[in-house]
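**Q** give me coordinates for this.
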Amino acid sequence: MSNRQDRTLKVTEIYKSIQGESTYAGLPCTFVRLTGCNLRCSYCDTEYAFYGGTRLTIRSILQKVKRLNVPLVEITGGEPLLQPDCKTLASELIREGYTVLIETGGSINISKLPKKTILIFDIKCPGSGMSHYMRWENLEFLKPTDQIKFVVKNRSDFLWSLRTIRKYSLAGKVPLLMSATKPHLDEALLTEWILKSRAPVRLNVQLHKHIWDPSERGK
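**A** From the prediction side, this is the model:
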């Protein structure tokens, strides 16, 4: 066994569910939620991942993922890239044949991640209170297989997102996803804005929150 698998990460939970967001929405997926986050978004729904967690070896994480027997794995948080060996875990999962998604809040350098990872890159809108932490140079490292997500809290966030898409010429580079924060913004209203503006985005609905109670963990 590789010594790389003896490295440890702090993990909040590992569980099997469906992929609720992204272009992979609806597919069975194993989630590895790492502990810790450097941001405090106003609408955060995973504050329980900020602290605590259990330190596990990468070997142990791989064993748990293997038992769940799903080919799609998402490494999430919190902010998973806070832990340097997140990229080691991604590499080992890829080596085992998994399709690996990483969801990141955009404030940490992504340039050294394994090329085969698929990034869900969350561009923080002003409504999050965290947009000033964005590392805009990260956009240079996005691959066609990656995707960008805008989480929209209000009309101002929506218009800001459209300006950002134009400013960085994002349309056509990667899939662009847009979701509404609840209870701040209704998905039907966001849909109307998308249709009227002809925004080059895909409506991103959090399927897991429509299936299970949003307060339930591990869903």
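**Q** can you pull the pLDDT of residue 2?
**A** If you check residue 2, the pLDDT there is 64.
**Q** now swap in residue 212 and tell me
**A** 65.
**Q** show me what contacts the spatially most central residue of the chain?
**A** Centroid check for the chain by C-alpha atoms, centre = their mean gives residue 103 as the closest residue, at 2.3 Å. Taking C-beta atoms under 8 Å, 6 or more residues apart in numbering, we find residue 103 in contact with 74, 75, 76, 77, 80, 119, 120, 122. Just so you know, the C-beta spots here come from the backbone N, C-alpha and C atoms, and that holds for glycine as well.
**Q** which residues does it bridge with?
**A** residue 120 (DSSP bridges).
**Q** quickly note the distance from it to residue 24.
**A** According to C-beta to C-beta, to the nearest Å, residue 103 and residue 24 sit 11 Å apart.
**Q** what do you get for residue 68?
**A** Distance, residue 68 to residue 24, by C-beta to C-beta: 16 Å.
**Q** neighbour count for those two, which is higher?
**A** Neighbour comparison, residue 68 and residue 24: the larger count goes to residue 24, with 18 against 15 (by other C-beta atoms under 10 Å).
**Q** pLDDT at that one, what is it?
**A** Residue 24 is assigned 95 on the pLDDT scale.
**Q** wait, doesn't it sit right on residue 70?
**A** No - between residue 24 and residue 70 there is no contact under C-beta atoms under 8 Å: 11.5 Å.
**Q** give me the residues contacting the strand or helix carrying residue 161.
**A** In this structure, residue 161 sits in helix 155-167 according to DSSP states H and E. Helix 155-167 is contacted from outside by 123, 125-127, 150-152, 170-171, 176, 178, 190, 193, 197, 199-201, using C-beta under 8 Å, 6+ apart.
**Q** C-terminal to that helix, what's the next element?
**A** strand 176-180.
**Q** past the longest strand belonging to the chain, which element shows up next along the chain?
**A** In the chain, with assignment by DSSP state E, the single longest strand is strand 8-18. Toward the C-terminus, strand 8-18 is succeeded by strand 28-34 as the next helix or strand (DSSP H and E).
**Q** who touches that following strand?
**A** Contacts of strand 28-34 with the rest of the structure, by C-beta under 8 Å, 6+ apart, involve 9-19, 46, 49, 53, 61, 65, 68, 70, 72-78, 80, 82-83, 86, 89, 101.
**Q** you'd agree residue 138 is up against residue 119?
**A** No - using C-beta under 8 Å, residue 138 and residue 119 do not qualify as a contacting pair, with a distance of 9.0 Å.
**Q** need the residues touching each of the two.
**A** Common contacts of residue 138 and residue 119 (C-beta under 8 Å, 6+ apart): residue 110.
**Q** rewinding a little: including distance to residue 158, secondary structure and neighbour count, could the contacts of residue 103 go into TSV?
**A** Below are the contacts of residue 103 laid out as TSV (distance: C-beta to C-beta, whole Å; DSSP: H, G, I helix; E, B strand; the rest coil; neighbours: other C-beta atoms under 10 Å):
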residue	distance to residue 158	secondary structure	neighbour count
74	26	strand	23
75	29	strand	25
76	25	strand	19
77	25	coil	25
80	27	helix	26
119	23	strand	24
120	19	strand	22
122	16	strand	25
